[in-house]
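Participant: missing the sequence, but the structure's below:
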């Protein structure tokens with residue numbers, strides 16, 4: 001790939017000739033590719049996100065690293081596939097695992113996380129919202145490189161009785177300041193909550209404080225209102241044509257607009273790289289209460305396009321061409337490597353990094369595209385691979401069950417011999433789709449066709465190289481134990497809100513998806 005002199009000058013300016021750029025990653029929770037107006041959503045209720053796309057670069061082929069929340073977030077923070085960083089399970093074949101309250105493990109200590117690496121360039125880092133890489137004290141954000149934390153180690157499930165199951169703690173830095181439902185209220189009946197506004201205020205304050213102090217900063221803004229059970233503040237409750245889910249999306253859009261507005265007001269918009277995306281596809285199992293995956297097949301939990309194709313918008317006035325659209329194949333893991341490049345740093349050299357540096361694409365005026373494969377994992381199995389226009393499924397599976405039309409992970413969608421309820425091994429003759437012509441994965445190529453053979457020739461090379469270099473990490477999502485739930489988190493003593501811890505009895509976690 002050739003990098004022209006203009007591009008080289010731009011990159012030099014970014015890393016050497018000006019103040020260190022700030023970095024903001026906005027990671028939504030269960031938001032689908034088709035939930036934003038810029039990707040064609042009919043309701044047109046995301047004017048701020050759409051404006052961000054118009055002022056920046058829109059990635060039409062941006063992928064999550066996994067079809068489920070925790071592994072996807074682990075990949076973003078490490079630049080490595082979950083199979084490498086250990087965020088998977090070997091308890092059963094090709095099962096998605098995550099970090100519920102009962103999980104014993106978390107992100108491995110030997111993994112190098114983005115905020116810790118950014119410290120080498122004197123960045124101040126804050127995470128606001130959902131962490132989900134382990135809720136026990138040794139896994140929390142301040143132990144892994146973040147300077148500040150406001151949010152929770154878990155999702156906002158509940159309310160619970162604080163007897164059999166504790167409500168999730170909300171942290172300010174290293175100590176809890178309350179729990180969801182009891183202190184940070186979410187009205188399950190009405191859907192009302194002010195939590196998104198609290199997260200917004202925390203983000204704006206952090207930006208103002210770091211700018212005043214002259215610090216380069218990394219803000220990892222990860223609200224979870226779009227994940228069920230959805231919630232929204234009074235300003236948005238009942239406003240969307242799409243119900244409560246749409247209310248939550250509208251509030252996220254408002255928050256995105258306020259954060260970008262703050263950057264402009266402070267005059268640091270041209271020195272701040274911002275990326276907007278989601279952790280996985282919309283949860284089709286929620287039916288009309290869930291999101292929109294656009295033209296793509298199935299949703300969250302699956303390695304079909306709807307489970308892993310995400311909104312992807314890069315924004316950096318004066319650096320990224322406005323109104324640009326790219327078909328660069330890109331993933332969450334690229335945000336790790338790209339953020340380091342923006343900060344003038346190199347990724348760790350002592351391990352395999354899956355993420356690539358997207359700055360040549362972001363700052364190009366000639367539609368630069370880097371040739372690279374994308375691998376689709378479900379648990380411990382490589383399910384599919386995309387190379388160029390073609391995606392080959394080596395394994396097919398939706399979920400267990402006997403009624404294909406009732407598959408909740410592909411609700412309302414059924415493709416014969418594709419959306420199957422038994423795990424089907426196609427390694428000897430993968431099922432191949434031309435994703436550009438057929439984004440819904442409906443029309444498989446005939447194995448005898450010249451197109452199939454040419455596609456598989458390139459895909460096979462990528463898979464062979466991938467497997468040659470693969471060194472799976474130790475799985476950290478195998479064991480569960482009621483005793484490790486959020487009974488007595490750090491800071492509970494000061495609030496008088498510690499709960500009795502039951503006897504420890506670790507068992508293998510059961511993952512049915």
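Facilitator: Structure's in. What do you need? For clarity, every value in this text was computed on a predicted model and none was experimentally measured. Numbering: from 1, shown residues only.
Participant: how far away is residue 265 from residue 192?
Facilitator: As judged by Cβ to Cβ, to the nearest Å, residue 265 and residue 192 stand 29 Å apart. C-beta: built from backbone N, CA, C; applies to glycine.
Participant: ok, the two, which is more surrounded?
Facilitator: Remark: of residue 265 and residue 192, residue 192 carries more neighbours, 18 against 12, as counted by other Cβ atoms under 10 Å.
Participant: extract the residue ranges of the stretch 1-150 of the chain that are flagged as low pLDDT.
Facilitator: Applying pLDDT under 70 to the stretch 1-150 of the chain flags residues 1-18.
Participant: show me the strands in it, by range?
Facilitator: 22-28, 57-59, 62-63, 124-130, 148-152 (DSSP state E, counting those that start in this stretch).
Participant: check the stretch 301-450 of the chain too.
Facilitator: 309-310, 312-315, 324-326, 330-331, 373-378, 381-387, 390-393, 395-396, 424-425, 431-434.
Participant: let's have those strands in CSV, adding mean pLDDT and distance to residue 206.
Facilitator: What follows is the strands of the stretch 301-450 of the chain, written out as CSV (pLDDT from 0 to 100; distance: least, Cβ to Cβ, whole Å):
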stretch, mean pLDDT, distance to residue 206
strand 309-310, 98, 25
strand 312-315, 98, 18
strand 324-326, 96, 28
strand 330-331, 98, 27
strand 373-378, 98, 32
strand 381-387, 98, 36
strand 390-393, 98, 39
strand 395-396, 98, 42
strand 424-425, 97, 48
strand 431-434, 98, 43
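Participant: okay, those in TSV with mean neighbour count and distance to residue 81 next?
Facilitator: As requested, the strands of the stretch 301-450 of the chain are exported to TSV (neighbours: other Cβ atoms under 10 Å; distance: least, Cβ to Cβ, whole Å):
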stretch	mean neighbour count	distance to residue 81
strand 309-310	27	16
strand 312-315	27	18
strand 324-326	18	22
strand 330-331	28	9
strand 373-378	22	6
strand 381-387	22	9
strand 390-393	24	17
strand 395-396	22	16
strand 424-425	12	21
strand 431-434	22	22
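Participant: residue 381 and residue 92 touch, don't they?
Facilitator: No. Using Cβ atoms under 8 Å as the test, residue 381 is too far from residue 92 to be in contact (10.3 Å).
Participant: common neighbours of these two, please.
Facilitator: Common neighbours of residue 381 and residue 92, using Cβ atoms under 8 Å, 6 or more residues apart in numbering, do not exist here.
Participant: buried set for stretch 220-235?
Facilitator: With burial defined by 16 or more other Cβ atoms under 10 Å, the residues of stretch 220-235 counted as buried are 220-233.
Participant: so which of the residues you listed is the closest to residue 125?
Facilitator: Checking the buried residues of stretch 220-235 against residue 125 with Cβ to Cβ, the nearest one is residue 220 at 7.1 Å.
Participant: correct me if wrong: that closest one contacts residue 27.
Facilitator: Yes. Between residue 220 and residue 27 there is a contact under Cβ under 8 Å: 7.2 Å.
Participant: the helices in the chain, which residues?
Facilitator: 5-12, 47-55, 69-78, 82-85, 114-118, 195-213, 243-265, 305-308, 332-342, 359-362, 450-469, 492-495 (DSSP state H).
Participant: tell me which of these sits most buried.
Facilitator: helix 305-308 (a mean of 31; mean count of other Cβ atoms under 10 Å).
Participant: mind checking how far it is from the chain centre?
Facilitator: Its chain's C-alpha centre lies 12 Å from the corresponding centre of helix 305-308 when counted by Cα atoms, centre = their mean, to the nearest Å.
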